[in-house]
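Trainee: Based on what follows, work out the 3D shape:
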Amino acid sequence: MLLGEEEVLARVLESARLVATEKRSVWECGNRIAAQDAYASVPLPSFDNSTVDGYAVRAQDVVSGRRLEVVGEQSAGIALGLRVDQNQAVRIFTGAPIPSGADAVLMQEEVEQVKHTILVRESVLAGENIRRRAEDLCEGQKFLSQGDVLNGARLAMLASQGLAETNVYKRPSISIIATGSELRPPGSVLSQGEIFESNRILLSELVTTSGADPQVQPIVPDDESAHVSALGEGKRCDAIVIVGGVSVGKKDLVKPALKKVGARIDLWRVAIRPGKPFLFGKWDETLLFGLPGNPVSAFVTFLVFVRPALWKMGGRSEWALPKMRVNLNETLVNRGDRPHYMRGNCQRDLFHVAELQQSHALFSLSRCNALCRVPAQTTFPQGAEVDIVQFC
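Mentor: Purely as a prediction, here's the structure:
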């Protein structure tokens, strides 16, 4: 019996557990996952400062044709304790602290400087050209949530608070195993009937972009003892992703090897296309994912089932694959009894389906950037609005 996608994903996510946390330098935390909420101790801006080069003034004194006495100069940096009184001005530069008494900054283009005075050409409003203290962020305000991805802007926020380190989730370690005696690593010489193995590098990149650390094992031949040995090596990781050998052929040895080591197989075969022979189980605390050997099938099942699990294990707050709404450039037809994840390209909010949809079509996959799920026995007409998952 084939299991539905929702049931399979729910069972996978139920078994996925958070990894441990660690404290790391903020310089090492790009695309890591925040392990705790963070609150501001330093307001942004931390003091009133100028947005332009010009003159700090009292707005009430700024009348066209009036001369103001320039009584000092304040650059960005340490405040010099300057003060602006009636009919006075202080030369000021972008980012410099506002002198006491001043309530506006007059742009340098709006004055004519004559010795130690300026001639006003334009009036100015109180508060004009001033960044006010805490107008962006105030003390005690939450600026980071547990589960947030630490992108450049969020790392900059941590730095703005003077934080040199922060707590993040460890990256889940994922053992990648490819099976098949016909496989040879790139750079070797092929004999008749052999092929270059490409799934490990495909999955390694998918694991990395899922926020986890891939541990790539050597190719495993069609020998049960070799499978058992590779599984034992992979058990040191948080999860094992096995590609190939999960069906029912004589040389499909993944299931027998898993049973031999005492692993539990929770489910096998899912109602999607491509990727029906998908396997999931657990060996003590190590999660087990068995993916079909065809590269497109491996790719699709990884995105649909493995990536959300890795996101949950790695501490993300959102596990669902991000979707966007687009229009179809052509009609999509699925006459089969399983949902079909069709590959294609999204350009200018239009989805263009790839011509070749077979599960072995690696070149076709390499030219695509999105998946569109077409339910069983369904036709989407040209121009219809659909959800797609972009993957590059």
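
Trainee: can you map out the strands along the stretch 251-392 of the chain?
Mentor: 264-268, 279-283, 286-291, 324-328, 332-334, 340-347, 350-353, 370-374, 378-380, 385-390 (DSSP state E, counting those that start in this stretch).

Trainee: For those, give me a markdown table that also has mean neighbour count, distance to Asn151 and mean pLDDT.
Mentor: Glycine gets a C-beta too; all of them are placed from N, C-alpha and C. Output for these, formatted as a markdown table (neighbours: other CB atoms under 10 Å; distance: least, CB to CB, whole Å; pLDDT from 0 to 100):
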| stretch | mean neighbour count | distance to Asn151 | mean pLDDT |
| --- | --- | --- | --- |
| strand 264-268 | 16 | 34 | 95 |
| strand 279-283 | 20 | 31 | 97 |
| strand 286-291 | 24 | 27 | 98 |
| strand 324-328 | 15 | 19 | 96 |
| strand 332-334 | 18 | 34 | 96 |
| strand 340-347 | 21 | 22 | 95 |
| strand 350-353 | 18 | 27 | 96 |
| strand 370-374 | 21 | 22 | 97 |
| strand 378-380 | 15 | 34 | 97 |
| strand 385-390 | 16 | 17 | 95 |
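
Trainee: Make CSV from these and add distance to Lys255 to it.
Mentor: Formatted as CSV, the strands of the stretch 251-392 of the chain follow (distance: least, CB to CB, whole Å):
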stretch, distance to Lys255
strand 264-268, 7
strand 279-283, 7
strand 286-291, 8
strand 324-328, 37
strand 332-334, 29
strand 340-347, 24
strand 350-353, 34
strand 370-374, 28
strand 378-380, 32
strand 385-390, 29
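
Trainee: Low-confidence ranges, the protein, go.
Mentor: 392 (pLDDT under 70).

Trainee: for it, what spans make up the helices?
Mentor: Using DSSP state H, the helices of the chain run over 5-15, 152-160, 199-209, 224-234, 254-261, 295-301, 307-313, 362-366.

Trainee: list the helices and strands the last one packs on?
Mentor: It stands for helix 362-366. helix 295-301 (3 or more CB pairs under 8 Å, 6 or more residues apart in numbering; DSSP states H and E).

Trainee: neighbouring contacts of the helix it packs on?
Mentor: The contact list for helix 295-301 (CB atoms under 8 Å, 6 or more residues apart in numbering) reads 198-199, 202-203, 206, 243, 270, 272, 274-278, 291-292, 341, 343, 358-362, 364-365, 371.

Trainee: what about the strands of the stretch 251-392 of the chain, which gets the closest to Leu82?
Mentor: strand 324-328 (52.6 Å; CB to CB).

Trainee: could you check the angle strand 370-374 makes with that closest one?
Mentor: Relative orientation of strand 324-328 and strand 370-374, computed by axes from the mean of the first three to the mean of the last three CA atoms, to 10 degrees: 70 degrees.

Trainee: Now strand 324-328 - C-alpha only, CSV.
Mentor: Below are the C-alpha coordinates for strand 324-328, written out as CSV (Å, rounded to 0.1, in the frame of the first residue of the first chain):
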residue,chain,number,x,y,z
MET,A,324,5.2,31.1,-4.4
ARG,A,325,2.1,31.7,-6.6
VAL,A,326,2.7,31.9,-10.3
ASN,A,327,0.9,31.4,-13.6
LEU,A,328,1.3,28.5,-16.0
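
Trainee: Please produce CSV containing the helices of the chain, extended by mean neighbour count and distance to Cys29.
Mentor: As requested, the helices of the chain are arranged in CSV below (neighbours: other CB atoms under 10 Å; distance: least, CB to CB, whole Å):
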stretch, mean neighbour count, distance to Cys29
helix 5-15, 15, 25
helix 152-160, 15, 6
helix 199-209, 19, 16
helix 224-234, 18, 27
helix 254-261, 18, 36
helix 295-301, 25, 28
helix 307-313, 24, 17
helix 362-366, 14, 31
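
Trainee: Looking at those, spot the one closest to Asp284.
Mentor: helix 254-261 (10.0 Å).

Trainee: Output the contacting helices and strands for that closest one.
Mentor: Partner elements for helix 254-261 (3+ CB pairs under 8 Å, 6+ apart): helix 224-234, strand 264-268, strand 279-283, strand 286-291.

Trainee: report the angle between the axes of the longest one and helix 254-261?
Mentor: This means helix 224-234. Going by the same axes, to 10 degrees, helix 224-234 makes 70 degrees with helix 254-261.

Trainee: on contacts alone, who are the packing partners of helix 224-234?
Mentor: By 3+ CB pairs under 8 Å, 6+ apart, helix 224-234 packs against strand 173-178, helix 254-261.

Trainee: Present those as JSON lines; the columns should include distance to Phe302.
Mentor: Below are the helices and strands packed on helix 224-234 laid out as JSON lines (distance: least, CB to CB, whole Å):
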{"stretch": "strand 173-178", "distance to Phe302": "10"}
{"stretch": "helix 254-261", "distance to Phe302": "16"}
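
Trainee: For Trp311, find the nearest of these.
Mentor: Here strand 173-178 is closest among those (CB to CB), at 12.5 Å.

Trainee: Show me what that closest one is in contact with.
Mentor: Contacts of strand 173-178 (CB under 8 Å, 6+ apart): 197, 199-200, 203-204, 207, 212-217, 219-220, 230-231, 233-244, 310.

Trainee: Just the buried positions in stretch 51-68, please.
Mentor: Residues of stretch 51-68 classed as buried: 52-59, 61-62, 68 (neighbour count, 16 or more other CB atoms under 10 Å).

Trainee: okay, those in TSV with distance to Thr117 next?
Mentor: Below are the buried residues of stretch 51-68 laid out as TSV (distance: CB to CB, whole Å):
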residue	distance to Thr117
Val52	20
Asp53	18
Gly54	15
Tyr55	11
Ala56	15
Val57	12
Arg58	15
Ala59	18
Asp61	12
Val62	13
Leu68	6
